[in-house]
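Student: structure for the following, please:
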Amino acid sequence: MRLTVIASFLERKTGIERENEMLLNKLINDDEIEKITLISPVGFDQIKDEYLKNKKVEFLVKLNFRKIPTVIEIVNNSDICLITNVRPTAIPVHLFKSKRVKTVQVVHDIIPWLYPRFFPFISGLTYKTFKLLIKNKPDLYIVHSEHTKSDLVRYWGIDPKKIVKVCYGSFVKPVLPRENFGSKKILFVSTIEPRKGIDKLLDAFLIVKKEIPKAQLIIVGKVGWKAKHIFEKIHKFVDLKIGVDYLGYISDEDLMKLYSEVDVLVYPSVYEGFGVPPLEAMACGCPVAVSNVSSIPEVVGDAGVYFNPLDVNDIAGTLIRILKDDELKIEMSKRGIERAKMFNWDKCLDEFISVLKSLIKN
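Tutor: Reported below is the predicted structural model:
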């Protein structure tokens, strides 16, 4: 089987880039896959050397519209073209590739279509174009949650038979439950963007601080789009010296250390196609307080405590309750670890590759 994979590979990974790298590793080691051609909008300067030097892998660096004819030619020499995100430069592939070639489109979510105000203009336009012109072109869609599947069926009219759910996994292997709580530290992990709910979280922290003077808020994540006013607010809170720290993007090792130290991870996002940070935190035995919206309850189940991400008082009240109750945190740690065991990367990637192979066999 010959694959063309259109995907991004970055050193500062979000859940998408982490999945791309782990999937590539799995594909390389599959005996039924003869050749993998990688096409990336961001290049390969941050991809591991072991992949760059693998004889099974070929590269076309920096996908752009000028290279579309070359990309179409490469795709047409493949059995399957896997596109791991909805990107403008991938749209011509769906329009002009040979009918012989099967296309698999991964859709992590359709938030840029539902809430274009959270994204750059080009992102919203891409999803609108996809919905109007491309939605019926892929042979198969892969999503990571039932919620995203429902969105595709409800808003784009995709046949549910063309949609397969393959969950994310946690790159963290579940540990033993924690009992060491009492730091009064709250952790936020995500890209700094409007939809992630940081604005309201900061306001909620002021309420928490009045009730629990020792409370601290640690913010981790790289800066995303439309984040100027949020970034300014974060630094304003840091400068007030009231217990808010911004660490930026940190290594996996440092992140795991934080998960094992803080009392709770808070995830106030207003919309997600999955929600990787709560899964990582649960695997580390860290209690999680999360939004009660979109796909997040699918990930967290009964292991976390929920709040309305649009209600500052609800966010604050939830955090105060958790910070004050060590027995609750111990119970949440146990539940979180059991929940995280349900999301195994190897199992998820095996399912992903089985889906690809089934297209050829059918």
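Student: surely Val164 touches Asp139?
Tutor: No - checked against C-beta atoms under 8 Å, the pair Val164 and Asp139 is beyond contact range at 11.1 Å. In this view, the C-beta of every residue, glycine as well, is placed from N, C-alpha and C.
Student: got the CA coordinates for stretch 116-127 in CSV?
Tutor: Extracted in CSV, the C-alpha atoms of stretch 116-127 (Å, rounded to 0.1, in the frame of the first residue of the first chain):
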residue,chain,number,x,y,z
PRO,A,116,-15.3,31.8,12.8
ARG,A,117,-14.8,34.8,15.2
PHE,A,118,-12.3,32.7,17.1
PHE,A,119,-10.1,32.1,14.1
PRO,A,120,-8.2,34.0,11.4
PHE,A,121,-10.3,34.9,8.3
ILE,A,122,-8.6,32.2,6.1
SER,A,123,-9.5,29.4,8.6
GLY,A,124,-13.2,30.3,8.5
LEU,A,125,-13.1,30.7,4.7
THR,A,126,-11.5,27.3,4.4
TYR,A,127,-14.2,25.5,6.4
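Student: run through who's touching it.
Tutor: Stretch 116-127 has contacts (C-beta atoms under 8 Å, 6 or more residues apart in numbering) with 86-88, 91, 110-113, 128, 193-195, 225-226.
Student: would you map the strands across the stretch 101-250 of the chain?
Tutor: Assigned by DSSP state E, counting those that start in this stretch, the strands in the stretch 101-250 of the chain fall at 102-106, 140-143, 163-165, 185-189, 216-220, 244-248.
Student: the last one pairs with which strands?
Tutor: If I follow you right, that is strand 244-248. Partner strands for strand 244-248, per DSSP bridges, with pairing direction: strand 216-220 (parallel).
Student: could you give me the average pLDDT of the helix of greatest length in the chain?
Tutor: Ordering each helix of the chain by length in residues (DSSP state H) puts helix 345-361 first. For helix 345-361, mean pLDDT rounds to 86.
Student: in it, what's buried?
Tutor: Going by neighbour count (16 or more other C-beta atoms under 10 Å), the buried part of helix 345-361 is Trp345, Cys348, Leu349, Phe352, Ile353, Val355, Leu356.
Student: just stretch 140-157 next, same as before
Tutor: In stretch 140-157, counting by 16+ other C-beta under 10 Å, buried: Leu140, Tyr141, Ile142, Val143, His144, Ser145, His147, Thr148, Lys149, Asp151, Leu152, Trp156.
Student: where does pLDDT dip in the protein?
Tutor: 10-13, 15, 42-46, 60-63, 362 (pLDDT under 70).
Student: other residues contacting the longest helix of the chain?
Tutor: 1, 3, 22-23, 26-27, 30, 32, 79-80, 82, 102, 104, 139-140, 142, 164, 166-171.
Student: change it to 7 Å
Tutor: Under the contact criterion C-beta atoms under 7 Å, 6 or more residues apart in numbering, helix 345-361 has outside partners 1, 22-23, 26-27, 30, 32, 79-80, 82, 102, 104, 139-140, 142, 164, 166-171.
Student: between strand 102-106 and that helix, find me the angle.
Tutor: Here helix 345-361 runs at an angle of 150 degrees relative to strand 102-106 (axes from the mean of the first three to the mean of the last three C-alpha atoms, to 10 degrees).
Student: ok now helix 345-361, how far from the chain's centre?
Tutor: Centroid separation for helix 345-361 versus its chain: 19 Å, with C-alpha atoms, centre = their mean, to the nearest Å.
Student: can you show me the CA trace of that helix as PDB?
Tutor: Taking Å, rounded to 0.1, in the frame of the first residue of the first chain, the C-alpha atoms of helix 345-361 are listed here in PDB:
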ATOM      1  CA  TRP A 345      -2.400   5.200  21.900                       C
ATOM      2  CA  ASP A 346      -1.300   1.900  20.500                       C
ATOM      3  CA  LYS A 347      -5.000   0.700  20.300                       C
ATOM      4  CA  CYS A 348      -6.100   4.000  18.800                       C
ATOM      5  CA  LEU A 349      -3.300   4.000  16.200                       C
ATOM      6  CA  ASP A 350      -4.000   0.300  15.300                       C
ATOM      7  CA  GLU A 351      -7.700   1.300  14.700                       C
ATOM      8  CA  PHE A 352      -6.600   4.200  12.600                       C
ATOM      9  CA  ILE A 353      -4.400   2.000  10.300                       C
ATOM     10  CA  SER A 354      -7.100  -0.700  10.100                       C
ATOM     11  CA  VAL A 355      -9.500   2.000   8.800                       C
ATOM     12  CA  LEU A 356      -7.000   2.900   6.100                       C
ATOM     13  CA  LYS A 357      -6.400  -0.700   5.000                       C
ATOM     14  CA  SER A 358     -10.200  -1.400   4.900                       C
ATOM     15  CA  LEU A 359     -10.500   1.200   2.100                       C
ATOM     16  CA  ILE A 360      -8.200  -0.800  -0.100                       C
ATOM     17  CA  LYS A 361      -9.800  -4.100   0.700                       C
END
